[in-house]
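Enquirer: no FASTA, just this:
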């Protein structure tokens, strides 16, 4: 039975396999915390990227204060794997999901935080908590603010105030802060444009926090930011917490936008399975191993140019003079978009110099609910 | 604990959930077999789409002779779930994968078929079988032929003959046929062009079979075809077996190419989680629930236009006069590409008129090795 173990060499792994260069990953973590911890801000990395409780613990050991997840089912998986200091960053809507949230909160009182952007959403959660006998302390809630992404969040100060007033009447929820995610800014290629747009978004967020405070609401948490913007967010007075996720592994999309301060520490190892002519081979990684929503994955060896060939295959081709790839050769592919790529795989094989040192489950793979 | 069951109404499912309209799916199966069984050809549906042993058994009940899978790990999962009449349609390269194949073949003697396109690949498998004490009967092998897709397969008659001669010297492999998959033809929008290109591909495949027979090789199986081409493949003398997969559920990409003979029987049910202005809402299905490699998923209710909003979200917008969607509303999204979309999910919820009648595991989800 195929049963890869710590101590195996990468060459003994079947492919496609998702592998992590531990030296590079640890350097990425060190760089982020070295640059941000001195600001005094809380760093709450987003596990929608990594989906792993082991990595959550590594990040906390490096200085993180809790982590984020996107979905309730993701929080279920990560808490089941032993990590429960969690902010769920997506709105929780619909009776089945609200019921799951209530059970989670009752199991981890005082540990779970959520966001809301509508009175109807908040009321449903409060009523479900009431039916379950309440929770002590009340469930901590952040008002999600649209800071320009136009995806979720209250759209202006008036809506934020109305929602805060509504929350004040809900016994089982306690407003503790605001969240604003400037997702539309993360991948702007110009540093100056990214900075300008990020500051504009953070001005909306901190302005909302101030407006709420003026009306008597206690706003302790002002949270946002991603790998492409944390440096700018951290410079804004009033921001208290940052949510970067992708820095730990990176991808070509973030590399192209943010540059090479962080290294691409995760690749998908693939095998050449067919020769197609003089200067092209076929590899065993396709759409089910490497996502294409943000462009094509790149071969780590840049002499080989990648094309997708469907669900199960890709092509690598090269110029005359480049050594030919042969059937059985292994290559490493750098994902274009790390989050949905990790979501395709069940395990990380973390190695140092080609020897597997740790194997981590992708605990919340597929947990989209 | 969230534990959906047979008999539940769809409204009690959390979202995103992958749901199947059983009436439509059964009609798709009936249509395919009604049109192809009279030809006398074997139909060996491809489980790279469905990834489910339950569905394999339903297809066999409808008249299928075995099924296909893409990868060895997929064959492991499907055989573990109780179905083992399997052709693995991708080349099997690399010592770890070959070892897995040998264990699979020893467990299911006479049931597994594979394809090869290189002497080096065939030799490695033969040697691994020899080390394992051989297998009785020998492992059935098809020569994979490039019929124009330029992905895998021997590139001409000379290469096919050389590989056949090489196989004749390998004690644990037995050549039984040829495979040629015209993947480049499946989505051509013009019926006439699709037919012409498919016939050209099948001419290469049947010509290769004839050429091998002339040199004394026994070629019993000539297999290929997909949902976009089976009707044409079936008309070609010499083709013996067809490998359609997507017809059972369809997607917008196949619908746009092939038309509406088969219905879109699978959708991803999603919930509206945020209102963004007068004519737009945000739903809880993003890149981790609906793939975008073949374009965007469509809302089943065509009045609502879909845009992706990242990993976890999408937008639906509408023209003035269309009823507004509200927070908590449910929508059904039709995937643009069914195979990688199913690969994102763990379960199918199969319903009739809104009541869950069966729940099927996606047995080989993530099995890319």
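Expert: Arrived safely, thanks for sending. Source: prediction; values computed, not measured.

Enquirer: Which residue ranges make up each domain of chain A?
Expert: Domains of chain A are assigned by the TED database as A:22-249, A:266-361.

Enquirer: okay, these in TSV with distance to chain B and mean neighbour count next?
Expert: (Each C-beta comes from the backbone N, C-alpha and C, glycine too.) Listed next are the domains of chain A as TSV, based on distance: least, Cβ to the nearest Cβ, whole Å; neighbours: other Cβ atoms under 10 Å in any protein chain shown:
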stretch	distance to chain B	mean neighbour count
domain A:22-249	4	20
domain A:266-361	4	20
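
Enquirer: Relative to residue B:88, which of those is closest?
Expert: Comparison of the domains of chain A against residue B:88 by Cβ to Cβ identifies domain A:266-361 as nearest, at 11.0 Å.

Enquirer: how long is that closest one from one end to the other?
Expert: Counting by Cα to Cα, to the nearest Å, you get 15 Å between the two ends of domain A:266-361.

Enquirer: picking that back up, next, format the domains of chain A as TSV and append distance to residue B:205 and mean pLDDT.
Expert: Shown next, in TSV, are the domains of chain A (distance: least, Cβ to Cβ, whole Å; pLDDT from 0 to 100):
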stretch	distance to residue B:205	mean pLDDT
domain A:22-249	42	98
domain A:266-361	17	98
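
Enquirer: Turn these into TSV, including distance to residue B:12.
Expert: Formatted as TSV, the domains of chain A follow (distance: least, Cβ to Cβ, whole Å):
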stretch	distance to residue B:12
domain A:22-249	6
domain A:266-361	25
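
Enquirer: what does stretch A:255-262 contact?
Expert: For stretch A:255-262, contacts defined as Cβ atoms under 8 Å, 6 or more residues apart in numbering or on different chains pick out A:28, A:31-32, A:186-189, A:194, A:227-228, A:247, A:250, A:254, A:264.

Enquirer: all helices for the stretch 51-200 of chain A, in order.
Expert: For the stretch 51-200 of chain A, the helices defined by DSSP state H, counting those that start in this stretch occupy A:53-61, A:72-80, A:95-107, A:119-131, A:157-168, A:191-214.

Enquirer: what's the angle from the first one to helix A:72-80?
Expert: Meaning helix A:53-61. Going by axes from the mean of the first three to the mean of the last three Cα atoms, to 10 degrees, helix A:53-61 is angled at 70 degrees with respect to helix A:72-80.

Enquirer: Contacts for helix A:53-61 next, please.
Expert: Residues outside helix A:53-61 that contact it (Cβ under 8 Å, 6+ apart) are A:29, A:43, A:45, A:47, A:50, A:64, A:66-67, A:78, A:81-83, A:85, A:248, A:358, A:360-361, A:363.

Enquirer: circling back to that earlier point, looking at the domains of chain A, which is nearest to residue B:15?
Expert: Closest approach to residue B:15 among those (Cβ to Cβ): domain A:22-249, 6.3 Å.

Enquirer: gap between the two ends of that closest one?
Expert: 10 Å.

Enquirer: cool, stretch A:349-362 as well?
Expert: 11 Å.

Enquirer: Next, format the contacts of stretch A:255-262 as JSON lines and append distance to residue B:148.
Expert: Below are the contacts of stretch A:255-262 laid out as JSON lines (distance: Cβ to Cβ, whole Å):
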{"residue": "A:28", "distance to residue B:148": "44"}
{"residue": "A:31", "distance to residue B:148": "49"}
{"residue": "A:32", "distance to residue B:148": "49"}
{"residue": "A:186", "distance to residue B:148": "41"}
{"residue": "A:187", "distance to residue B:148": "37"}
{"residue": "A:188", "distance to residue B:148": "42"}
{"residue": "A:189", "distance to residue B:148": "39"}
{"residue": "A:194", "distance to residue B:148": "45"}
{"residue": "A:227", "distance to residue B:148": "42"}
{"residue": "A:228", "distance to residue B:148": "42"}
{"residue": "A:247", "distance to residue B:148": "44"}
{"residue": "A:250", "distance to residue B:148": "38"}
{"residue": "A:254", "distance to residue B:148": "37"}
{"residue": "A:264", "distance to residue B:148": "35"}
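
Enquirer: now the strands: where do they sit in the stretch 151-300 of chain A?
Expert: A:173-180, A:221-224, A:241-242, A:266-275, A:280-283, A:298-299 (DSSP state E, counting those that start in this stretch).

Enquirer: any chance of the ones you listed in a markdown table, with distance to residue B:354 too?
Expert: Converted to a markdown table, the strands of the stretch 151-300 of chain A look like this (distance: least, Cβ to Cβ, whole Å):
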| stretch | distance to residue B:354 |
| --- | --- |
| strand A:173-180 | 33 |
| strand A:221-224 | 40 |
| strand A:241-242 | 43 |
| strand A:266-275 | 40 |
| strand A:280-283 | 43 |
| strand A:298-299 | 45 |
